[in-house]
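Trainee: any chance you can model this:
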Amino acid sequence: MSWIILLLAGLFEVGWAVGLKYTDGFTRLWPTLGTVAAMAISLWLLGVAMKSLPLGTAYAVWVGVGAVGTAILGIVLLGEPANPGRLVSLGLILAGIIGLKLATPG
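Mentor: Numbers count the residues shown, from 1 in each chain. Alright, predicted model coming up:
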């Protein structure tokens, strides 16, 4: 269950990272409120997952899910480049996340 909670925490991290783009420097009310809510939920879920997962693993997976998800949404939503170097790098991060999952008991 901790891994599912950690994945959800990472998805909320994606939400607040992408949300930052839409806050326009925290000048737009609703995007700002959504972003702050996603931040709080993400950190809370990370803390819950860390009750039973090692700190280093939980944090690395949280950041990795956030990084990969944010980069993918940047490509899809914002027209950021999807060149081979970026895609290979995202694949390596994903491989690291999977490796940490396989190497961590629980």
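Trainee: all contacts plus neighbour counts: C-alpha atoms, from now on.
Mentor: OK.
Trainee: do you know how far the residue nearest the centre of the chain is from residue 83?
Mentor: A centroid search over the chain (Cα atoms, centre = their mean) returns residue 66, at 1.7 Å, as the residue closest to the centre. Computed with Cα to Cα, to the nearest Å, the distance linking residue 66 and residue 83 is 20 Å.
Trainee: and for residue 94, the neighbour number?
Mentor: For residue 94, the count of nearby residues is 17 (other Cα atoms under 10 Å).
Trainee: got the CA positions of the helix or strand encompassing it in CSV?
Mentor: Using DSSP states H and E, residue 94 sits in helix 84-103. Written as CSV, here are the backbone C-alpha positions of helix 84-103 (Å, rounded to 0.1, in the frame of the first residue of the first chain):
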residue,chain,number,x,y,z
PRO,A,84,15.8,11.6,-28.5
GLY,A,85,18.1,12.8,-25.8
ARG,A,86,15.2,13.9,-23.5
LEU,A,87,13.3,10.7,-24.1
VAL,A,88,16.2,8.5,-23.4
SER,A,89,17.0,10.5,-20.2
LEU,A,90,13.4,10.1,-19.1
GLY,A,91,13.6,6.4,-19.7
LEU,A,92,16.7,6.2,-17.6
ILE,A,93,14.9,8.0,-14.7
LEU,A,94,12.0,5.6,-15.1
ALA,A,95,14.4,2.6,-15.1
GLY,A,96,15.8,4.0,-11.8
ILE,A,97,12.4,4.2,-10.3
ILE,A,98,11.6,0.6,-11.3
GLY,A,99,15.1,-0.5,-10.0
LEU,A,100,14.4,1.1,-6.6
LYS,A,101,11.0,-0.5,-6.4
LEU,A,102,12.5,-4.0,-7.1
ALA,A,103,15.4,-3.5,-4.7
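Trainee: what mean pLDDT does that helix have?
Mentor: Per-residue pLDDT values across helix 84-103 average out to 96.
Trainee: so what touches it?
Mentor: Helix 84-103 is touched from outside by 57, 60-61, 64-65, 68, with contacts defined as Cα atoms under 8 Å, 6 or more residues apart in numbering.
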